[in-house]
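[1] Starting from these lines, generate the structure:
(chains A and B)
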Amino acid sequence: NAGVTQTPKFQVLKTGQSMTLQCAQDMNHEYMSWYRQDPGMGLRLIHYSVGAGITDQGEVPNGYNVSRSTTEDFPLRLLSAAPSQTSVYFCASSYYSGTYEQYFGPGTRLTVT
Amino acid sequence: ILNVEQSPQSLHVQEGDSTNFTCSFPSSNFYALHWYRWETAKSPEALFVMTLNGDEKKKGRISATLNTKEGYSYLYIKGSQPEDSATYLCAFFLSNAGGTSYGKLTFGQGTILTVHP
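    A predicted model of the protein is given here:
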């Protein structure tokens, strides 16, 4: 059981480049979400999904796209990277019922220059 | 945007001290309140998930209480140890009219605890 995995661990982008952060889980969780972590601001929800084919926006969705074609995978796309997107990104998953206890991936540290 | 506030922002204590922090959240449409422990260079891990007013949960030297009517939760650490040093996050799940969750988890900014030997 690998839990929640994220790739890459580190990434440096130039302004305007696009890329996809990968997230996968093997716990058959319906609920998956992406957060960004910035100093002094805790974790802020970017997008979330309650099942394959269903996604919704969180608190800070601008500049990011998501899709959920399978239960296991929930990639986050940066369309045109900006320095303001420099952050640590965490993916999390849980069952979509009960307590929603979140299981987090190891994070991706992204720097946009 | 929901307001989930944690205080204090940071805390320095000596080994053996007991300490507590607060999480404040909206008192209406409550579904669940989570506490997570986040060590440096690791991912957040769930400590407690609390759903009922008056809930008290305990794990070793760490315990938490919940008051949904007034919108706060306390996390207590008894006899702090250096390995308790971490950021402690609380997170609030909003309920919809049907009593289920909207699916959006809102985190507080965290309390950074440093325990000095």
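[2] Contacts for the strand or helix carrying residue B:13 next, please.
    Using DSSP states H and E, residue B:13 maps to strand B:10-14. Residues outside strand B:10-14 that contact it (CB atoms under 8 Å, 6 or more residues apart in numbering or on different chains) are B:19, B:21, B:80, B:111, B:112, B:113, B:114, B:115, B:116. For the C-beta atoms, the positions are set from N, CA and C on the backbone; glycine is no exception.
[3] Just put those residues in JSON lines and tack on secondary structure.
    Converted to JSON lines, the contacts of strand B:10-14 look like this (DSSP: H, G, I helix; E, B strand; the rest coil):
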{"residue": "B:19", "secondary structure": "strand"}
{"residue": "B:21", "secondary structure": "strand"}
{"residue": "B:80", "secondary structure": "coil"}
{"residue": "B:111", "secondary structure": "strand"}
{"residue": "B:112", "secondary structure": "strand"}
{"residue": "B:113", "secondary structure": "strand"}
{"residue": "B:114", "secondary structure": "strand"}
{"residue": "B:115", "secondary structure": "strand"}
{"residue": "B:116", "secondary structure": "strand"}
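[4] how many degrees apart are the strand holding residue B:13 and strand B:111-116 in direction?
    Orientation check (axes from the mean of the first three to the mean of the last three CA atoms, to 10 degrees): strand B:10-14 against strand B:111-116 gives 20 degrees.
[5] Could you list the low-pLDDT ranges of chain B?
    B:1-2, B:96-103 (pLDDT under 70).
[6] Point out the residues in it that sit beside chain A.
    B:1, B:32, B:34, B:36, B:42-46, B:49, B:51, B:89, B:91, B:93, B:101, B:103-110 (CB under 8 Å from any CB of the partner chain).
[7] one more time with 7 Å, if that's ok
    Within chain B, the positions lying close to chain A (CB under 7 Å from any CB of the partner chain) are B:1, B:32, B:34, B:43-44, B:46, B:49, B:51, B:89, B:93, B:101, B:103-105, B:107-110.
[8] are any of those residues buried, and which?
    Neighbour counting by 16 or more other CB atoms under 10 Å in any protein chain shown classes B:32, B:34, B:43-44, B:46, B:49, B:51, B:89, B:93, B:101, B:103-105, B:107-110 among the residues of chain B next to chain A as buried.
[9] What is the neighbour count of residue B:95?
    14 (other CB atoms under 10 Å in any protein chain shown).
[10] Over to residue B:113?
    Residue B:113, neighbours per other CB under 10 Å, totals 21.
[11] No more questions from me, cheers.
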